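1. requesting a structural model of the entry that follows:
(one chain, ligands or ions: 1)
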Amino acid sequence: MSINNPKHIKMSDELLDACRQHLANVNEELITKAFEFCLEAHKNDLRASGEPYFTHPYEVALIVAKELPLDDVTVVSALLHDVVEDTEFNLEILSKEFGKEVAEIVDGVTKISGIFKGQEITQAENYRKLLLSMVKDVRVILVKFADRLHNMRTLQFVNPDKQRRIAQETLEIYAPFANRFGLGRVKWELEDLSFKYLNKEAYEEIARKIKSKRRERESYIKKFTVPIIDKLDEYKLKYEINGRPKHLYSIYRKMVTRNKPFEEIYDLFAIRIILDSENNNDCYTTLGIVNQMYLPVPDRFKDYVSIPKTNNYQSIHTTVVGPEGRLVEVQIRTKKMHEVAEKGVAAHWRYKENKTASEKDMENWVNWIRDIFENASKDEARKDILESFKLNLYQDEIYVFTPKGDLRRLPVGSTPVDFAFEIHSKVGYHCIGAKVNGKIVPLDTKLHSGDQVEIITSKNQHPNKNWIKFVATHKSKNAIKKWINKEEEDVVNSGKEIWEKKIKKLKLSFTTSDIAKLSTNLKYESPRNFFKSIAQNKINLDEVLTATKEKEKKEKSAVLEFGNFAEIARDDIGGVLVDGKKSGILYSYAKCCNPIPGDPVIGYITVGEGIKIHRKTCNNLLKISEKEVSKLVPVQWPESAGSLFVAGLRVMGEDSPGILTEISHAIVSYQNTNIKSININTNDSMFEGSVTLYVQNLDHLSSIIDRLKKLKGVYTVERFESA
Ligand code: MN
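-> Sure, this is the predicted structure:
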């Protein structure tokens with residue numbers, strides 16, 4: 001065979017040129033041979049457009065060469081992809097003429113095409129073979145995408161029914177599939193083309209609106225990018241910057257999901273900065289520049305440079321507040337990242353190949369793809385395997401089956417507990433175990449697409465706090481939290497009930513703040529925890545209440561006791577001197593500070609009660625005297641040598657045998673001080689004692705306090721007085 005038609009010669013040259021331009025190695029002889037073979041094999045067929053059929057495989061080969069450039073074998077396979085299905089030539093011939101590799105790729109493509117032709121999908125085994133054949137060689141998928149792309153680009157020539165069917169299939173299966181393989185550009189084009197045929201009206205309206213806003217958009221983009229460009233130049237970065245309207249289908253989807261008209265979708269375009277640099281750090285420098293120019297929106301920052309997506313997509317996405325307060329999305333990436341984003345697996349491999357020609361990388365890709373498919377095709381008997389294959393292409397979601405075969409969508413990382421709550425909150429609340437594909441598994445097992453999950457429930461089972469740690473859905477998290485809170489509330493309430501019964505029985509009364517004080521004293525974080533502890537029997541309420549009662553009593557008696565000895569002391573000394581002399585003026589002692597002889601005192605003239613004697617340090621007095629200094633009268637204790645007054649001390653410390661003797665000794669051995677009373681209580685290893693004694697003045701008392709403080713085991717010594 002040889003080409004003699006000038007039109008065909010031109011086509012062949014064009015293809016070879018594209019290959020030379022985009023591929024590392026080009027076997028021109030093989031490509032030319034495939035071109036001739038294609039021409040010959042399809043010579044009797046026409047496309048729906050009326051063109052000779054061979055234009056289709058030819059265009060597909062051009063797409064492979066230009067848009068998904070991987071290698072010459074893929075180009076050859078593209079030229080031959082429809083030969084086996086549509087002509088009398090079989091795989092054997094292809095294998096003989098073009099090699100086993102090409103034959104296998106064509107076989108794979110033929111099988112994929114076959115699947116979608118018949119609507120009836122009954123033999124799972126075939127799908128499995130098909131999937132595995134794709135997995136054997138990633139180039140099968142690239143050819144298939146190129147094929148679908150060309151068919152979509154020329155879809156106007158087929159009848160409307162077929163248009164819809166093909167468009168639907170493309171949108172549901174091929175577009176997500178392309179995304180999975182990192183073929184960003186292919187994905188967008190497939191989506192927009194499908195959208196055009198599935199919802200022509202919406203498509204055309206959005207297209208028209210975008211067009212009508214073109215001038216406005218372009219001037220805005222210019223305004224936005226100028227300051228960034230200046231800075232990028234200053235930093236001597238090489239870049240390409242552009243603002244492209246987003247794809248129609250993505251705008252449409254936003255309108256639908258946000259339920260907003262076109263006019264209210266703000267992110268109609270994205271600014272893309274593509275750096276001509278091998279250094280990823282330049283992305284961050286550029287990010288810094290952008291953020292310096294425009295305020296970033298915190299929640300909308302994504303760093304796929306440090307953490308690439310599973311399809312190897314790398315880019316920085318940031319949304320900033322641009323001129324006029326408009327939010328603008330900016331994508332920052334290097335040239336290489338951009339190519340990988342647009343061309344996916346092909347670009348990825350090409351970059352690797354140029355550097356190291358590593359077979360290993362190709363292997364990694366293949367393993368990764370095999371992984372996707374093997375997980376999707378576990379169950380041979382399942383009729384809806386296509387469904388699971390199709391759905392497994394979404395990255396952030398998994399699809400699992402109920403025992404009845406219903407499909408449930410869950411986020412990646414979901415566990416049987418998430419599944420249980422997805423079915424019904426009751427199932428979640430009483431979930432005790434799970435079977436995945438017939439095997440009992442722990443509840444924190446991560447589910448995979450295609451898993452069949454059966455939940456085992458028990459009436460007596462309740463959610464476990466630990467579930468929170470491994471569940472993935474908000475639904476289950478909220479349900480578990482709700483249950484835990486309710487459970488806690490029940491416990492608190494039953495604790496409250498026990499408490500109220502008890503204090504009623506003991507005829508005690510507690511205000512809210514009393515309870516708060518008590519729980520703080522008992523080292524509880526809150527009264528809730530205190531009540532919980534009561535309900536859980538972790539606290540001996542009788543003990544606590546008895547202690548509280550006693551403490552109360554003690555506090556009361558301490559006040560009383562002090563009042564008593566203050567009275568005695570004052571009586572002993574014989575009243576106060578007002579203005580330096582003893583007079584018949586009516587006076588009394590203030591209850592707020594309860595002065596005793598020896599305290600520096602001052603009088604305050606009241607209406608009806610004569611002079612109130614306060615300690616000079618009394619807070620109450622300070623407050624009163626601020627306003628009415630004139631009502632203050634100097635008063636003193638009479639100075640009579642030899643007269644004594646009673647003072648009280650509270651001593652606390654570590655209990656030890658003989659502590660009482662030591663304290664007594666320390667007091668009496670100082671200037672023959674007399675003790676009026678001494679009383680020591682021990683509690684565990686601690687003691688608390690009160691001593692009343694006769695002193696001449698405050699100096700005398702201070703000396704005694706100093707002596708007591710020096711005793712081993714004594715921690716504190718305080719003057720005994722009312723609060
Ligand atoms: Mn085709």
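2. show me the helices in the stretch 1-150 of the chain, by range?
-> Assigned by DSSP state H, counting those that start in this stretch, the stretch 1-150 of the chain shows helices spanning 6-22, 28-41, 55-66, 72-79, 83-86, 91-98, 100-117, 124-136, 138-153.
3. please disregard the earlier target; I meant the stretch 551-700 of the chain.
-> Counting by DSSP H, counting those that start in this stretch, the stretch 551-700 of the chain has these helices, from start to end: 619-627, 659-668, 698-709.
4. other SSEs contacting the very next helix or strand once past the last one?
-> Translated: helix 698-709. Counting by DSSP states H and E, the element after helix 698-709 in chain order, helix or strand, is strand 714-719. Helices and strands touching strand 714-719, by 3 or more Cβ pairs under 8 Å, 6 or more residues apart in numbering; DSSP states H and E, are strand 645-654, helix 698-709. The C-beta positions use only the backbone N, C-alpha and C, and glycine is treated the same way.
5. what sits against the closest residue to the ion within the stretch 1-150 of the chain?
-> The ion sits closest to D147 of the stretch 1-150 of the chain, with a gap of 4.1 Å, by Cβ to the ion. Counting by Cβ atoms under 8 Å, 6 or more residues apart in numbering, D147 makes contact with V60, A78, H81, V109, S113.
6. how does it look with 10 Å?
-> Neighbour list for D147: 56-57, 59-60, 63-64, 78, 81-82, 109, 112-113, 174 [criterion: Cβ atoms under 10 Å, 6 or more residues apart in numbering].
7. tally of neighbours for V453?
-> Using other Cβ atoms under 10 Å, V453 has 25 neighbouring residues.
8. skip the chain neighbours and tell me the closest residue to A516.
-> Nearest non-adjacent residue to A516, counting by Cβ to Cβ, 6 or more residues apart in numbering: P527, 5.7 Å away.
9. quick check: that neighbour touching K496?
-> Yes. If you go by Cβ atoms under 10 Å, P527 and K496 touch, sitting 9.1 Å apart.
10. shared neighbours of these two, anything?
-> Shared contacts of P527 and K496, defined by Cβ under 10 Å, 6+ apart, are found at I515.
11. which SS state does R408 fall under?
-> Following DSSP: H, G, I helix; E, B strand; the rest coil, R408 is assigned to strand.
12. which residues does it bridge with?
-> Beta-bridge partners for R408, by DSSP bridges, are V400.
13. that one is in contact with H424, isn't it?
-> No. R408 sits out of contact with H424 when judged by Cβ under 10 Å, with a separation of 11.5 Å.
14. among these two, which residue is more densely surrounded?
-> Neighbour totals were compared for R408 and H424, and R408 leads with 16 against 12 (other Cβ under 10 Å).
15. roughly how far does the more buried one sit from the ion?
-> Distance of R408 to the ion, computed by Cβ to the ion, to the nearest Å: 36 Å.
16. do the same with N619
-> N619 sits 96 Å away from the ion, going by Cβ to the ion.
17. what pairs with the closest residue to E718 other than its chain neighbours across the strands?
-> Nearest non-adjacent residue to E718, counting by Cβ to Cβ, 6+ apart: R650, 5.0 Å away. Beta-bridge partners recorded for R650 (DSSP bridges): S690, E718.
18. R650 contacts N681, correct?
-> No. Counting by Cβ under 10 Å, R650 stays clear of N681, with 11.1 Å between them.
19. can you give me the neighbour number for the residue nearest to E718?
-> 16.
20. now E454: phi and psi?
-> Main-chain torsions, E454, degrees, to the nearest 10: phi -120, psi 130.
21. how about the secondary structure of the closest residue to it other than its chain neighbours?
-> Leaving aside its sequence neighbours, E454 sits nearest to K435 (Cβ to Cβ, 6+ apart; 4.3 Å). Taken by three-state DSSP, the conformation at K435 corresponds to strand.
22. quick check: closest non-adjacent residue to Y294.
-> Nearest residue to Y294, sequence neighbours excluded (Cβ to Cβ, 6+ apart): V320, at 3.7 Å.
23. so which helix or strand takes in the one you found?
-> Assigned by DSSP H and E, V320 falls within strand 316-321.
24. name the helices or strands packed onto that strand?
-> On a contact count with 3 or more Cβ pairs under 10 Å, 6 or more residues apart in numbering; DSSP states H and E, strand 316-321 meets strand 269-275, helix 281-293, strand 295-296, strand 302-303, strand 327-334.
25. mind running it again at 6 Å?
-> Counting contacts by 3 or more Cβ pairs under 6 Å, 6 or more residues apart in numbering; DSSP states H and E, strand 316-321 packs against strand 295-296, strand 327-334.
26. could you check the pLDDT of the closest residue to E92 other than its chain neighbours?
-> Nearest non-adjacent residue to E92, counting by Cβ to Cβ, 6+ apart: A103, 7.9 Å away. A103 is assigned 92 on the pLDDT scale.
27. got the helices of the stretch 551-700 of the chain as JSON lines, with mean pLDDT and mean neighbour count columns?
-> Formatted as JSON lines, the helices of the stretch 551-700 of the chain follow (pLDDT from 0 to 100; neighbours: other Cβ atoms under 10 Å):
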{"stretch": "helix 619-627", "mean pLDDT": "79", "mean neighbour count": "13"}
{"stretch": "helix 659-668", "mean pLDDT": "86", "mean neighbour count": "17"}
{"stretch": "helix 698-709", "mean pLDDT": "88", "mean neighbour count": "16"}
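28. and the stretch 51-200 of the chain, which of its residues are near the ion?
-> D82, D147 (Cβ under 5 Å from the ion).
29. over to the chain?
-> D82, D147.
30. mind splitting the chain into its structural domains?
-> Here the domain assignment for the chain is 6-197, 208-349, 483-539, 575-636, 645-719, based on automatic domain parsing.
31. tell me which of these sits most buried.
-> Burial of the domains of the chain is given as mean neighbour count (mean count of other Cβ atoms under 10 Å); domain 6-197 ranks first at a mean of 19.
32. thinking again about what came up before, Throw the contacts of D147 into JSON lines and include pLDDT and distance to I611, thanks.
-> Shown next, in JSON lines, are the contacts of D147 (pLDDT from 0 to 100; distance: Cβ to Cβ, whole Å):
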{"residue": "H56", "pLDDT": "95", "distance to I611": "117"}
{"residue": "P57", "pLDDT": "96", "distance to I611": "118"}
{"residue": "E59", "pLDDT": "96", "distance to I611": "114"}
{"residue": "V60", "pLDDT": "96", "distance to I611": "113"}
{"residue": "I63", "pLDDT": "95", "distance to I611": "109"}
{"residue": "V64", "pLDDT": "93", "distance to I611": "111"}
{"residue": "A78", "pLDDT": "96", "distance to I611": "114"}
{"residue": "H81", "pLDDT": "94", "distance to I611": "115"}
{"residue": "D82", "pLDDT": "93", "distance to I611": "119"}
{"residue": "V109", "pLDDT": "86", "distance to I611": "113"}
{"residue": "I112", "pLDDT": "71", "distance to I611": "109"}
{"residue": "S113", "pLDDT": "71", "distance to I611": "113"}
{"residue": "Y174", "pLDDT": "80", "distance to I611": "102"}
